[in-house]
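Colleague: 3D model of this:
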Amino acid sequence: MSSVDFESLSEATSGAIGALLSTTILYPLDTCKTKYQAEARSKDTQKYRYLSDVLLEAISKRQILSLYQGLGTKNLQSFIAQFIYFYGYSYFKRLYIQKTGNKSIGTKANLIVAAAAGALTSFVIQPLDTASSRMQTSAFGKSKGLWETLSKGSWSEAFDGLGISLLLTSNPAIQYTVFDQLKSRLLKGQHNKTNTGSSPESLSAASAFALGAVSKSIATCLTYPAIRCKVVIQAAEANENETKEAAPPKAPKTISGTIYAIWKGEGIFGFFKGLQAQILKTVLSSALLLMIKEKITKTTWVLMIAIQRYLFLTRGRLKSK
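Modeller: Numbering: from 1, shown residues only. Reported below is the predicted structural model:
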């Protein structure tokens with residue numbers, strides 16, 4: 001089991017580092033996307049008609065650096081979420097193969113394993129996810145710190161959107177299942193290393209980027225209405241961002257209330273508002289994450305083996321004394 005643990009730890013570490021780097025690189029785009037998605041009002045009263053309007057507002061108010069508001073919280077969320085997700089996904093997948101005796105995991109089992117890992121991750125990082133959304137959707141230059149953002153409301157409010165987050169575990173489940181299946185087919189013709197100490201096979205940077213983009217595009221298109229509802233639920237209150245005269249009515253914090261508000265204000269197409277921006281951001285982020293992860297997994301795996309051997313030798317020396 002120790003080898004399984006170290007391999008899972010290697011997957012988790014490389015995935016978390018990849019998430020940290022991709023989140024930082026694309027954060028301004030993420031902030032623009034989130035503020036654009038968070039508006040749930042009729043077309044006549046929309047503040048942002050296009051994604052570029054968010055960027056233009058930041059420029060006009062000389063608040064370019066505010067596009068990075070909440071970056072620390074987002075990075076913390078991304079690192080913890082990806083570490084937990086990749087560890088759980090890798091560990092449960094290997095455990096399934098061990099218990100069943102199969103050489104590989106099928107599509108249905110892969111989806112179940114990925115969804116289980118995603119549900120565990122959602123419970124752990126939901127307060128950080130909520131805080132991050134509120135900080136991003138606050139008025140430029142008025143974002144509060146993590147503790148102040150979380151302590152302002154009740155503990156239950158820190159878990160706003162948890163129901164949809166659990167529903168959206170299907171997103172990474174679809175994404176990583178598609179990615180793994182495409183990766184397996186791509187590597188199928190390659191020579192399999194049989195030595196016990198051999199490192200796992202990895203894709204080239206270009207292949208990992210392409211497969212990451214394709215898999216995330218499919219997952220995003222299938223789950224986008226739920227993504228839009230989640231952003232609206234978690235967004236900062238309008239009266240924190242605007243004057244009372246300009247502020248629209250407070251959006252309900254229930255799933256059904258949010259669905260009704262979007263339907264009434266924007267119609268059926270409102271559930272897909274910002275889809276292009278979401279695909280652009282998430283595809284680039286996911287592709288970068290998986291590309292970075294694939295390139296550092298082998299190095300991380302070797303380091304884990306070295307640590308494992310060092311601990312083994314240390315225990316042996318202590319016993320001999």
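Colleague: Please go through this protein and pick out the longest helix.
Modeller: For the chain, the longest helix by residue count, based on DSSP state H, is helix 275-320.
Colleague: Please give the number of neighbouring residues around Y68.
Modeller: 16 (other Cβ atoms under 10 Å). Heads up, the C-betas are built off the backbone N, CA and C, glycines and all.
Colleague: what's near enough to touch it?
Modeller: For Y68, the contact set (Cβ atoms under 8 Å, 6 or more residues apart in numbering) comprises Y27, P28, T31.
Colleague: Highest neighbour count among those?
Modeller: Counting by other Cβ under 10 Å, top hit in those: T31 with 26 neighbours.
Colleague: how about stretch 168-184: buried residues?
Modeller: Neighbour counts using 16 or more other Cβ atoms under 10 Å place 168-183 of stretch 168-184 among the buried residues.
Colleague: nearest to G257, of these?
Modeller: L168 (18.2 Å; Cβ to Cβ).
Colleague: Go ahead and confirm the closest one touches T223.
Modeller: Yes: using Cβ atoms under 8 Å, L168 is in contact with T223, at 5.8 Å.
Colleague: Okay, and which of the buried residues of stretch 168-184 map to helices?
Modeller: Short answer: the buried residues of stretch 168-184 in helices (DSSP H) are 170-183.
Colleague: Return the distance of L167 relative to K47.
Modeller: The gap separating L167 from K47 is 28 Å, by Cβ to Cβ, to the nearest Å.
Colleague: so where's the stretch 201-321 of the chain shaky on pLDDT?
Modeller: Along the stretch 201-321 of the chain, the parts satisfying pLDDT under 70 run over 201-202, 237-253, 298, 300-302, 304, 316-321.
Colleague: ok, 90 please
Modeller: 201-220, 222, 230-270, 273-321 (pLDDT under 90).
Colleague: Who are the packing partners of the longest helix of the chain?
Modeller: Contacts defined by 3 or more Cβ pairs under 8 Å, 6 or more residues apart in numbering; DSSP states H and E place helix 275-320 against helix 2-38, helix 205-234.
Colleague: And the pLDDT for the spatially most central residue of the chain?
Modeller: When Cα atoms, centre = their mean is applied to the chain, the residue found nearest the centroid is S78 (6.3 Å). Per-residue pLDDT puts S78 at 83.
Colleague: close enough to count as contact, it and I17?
Modeller: No: the pair S78 / I17 is not scored as a contact, 10.3 Å apart, by Cβ under 8 Å.
Colleague: What is the neighbour count of the residue nearest to L203 when sequence neighbours are not counted?
Modeller: Sequence neighbours aside, E294 is the residue nearest to L203 in space, at 5.0 Å (criterion: Cβ to Cβ, 6 or more residues apart in numbering). The number of residues packed near E294 is 22, by other Cβ under 10 Å.
Colleague: ok, E294 - contacts?
Modeller: By Cβ under 8 Å, 6+ apart, the residues touching E294 are S202, L203, S204, A205, A208.
Colleague: any idea how far it is from Q37?
Modeller: 29 Å.
Colleague: Save the helices and strands packed on helix 275-320 as a markdown table, and put in distance to L146 too.
Modeller: Listed next are those as a markdown table, based on distance: least, Cβ to Cβ, whole Å:
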| stretch | distance to L146 |
| --- | --- |
| helix 2-38 | 15 |
| helix 205-234 | 14 |
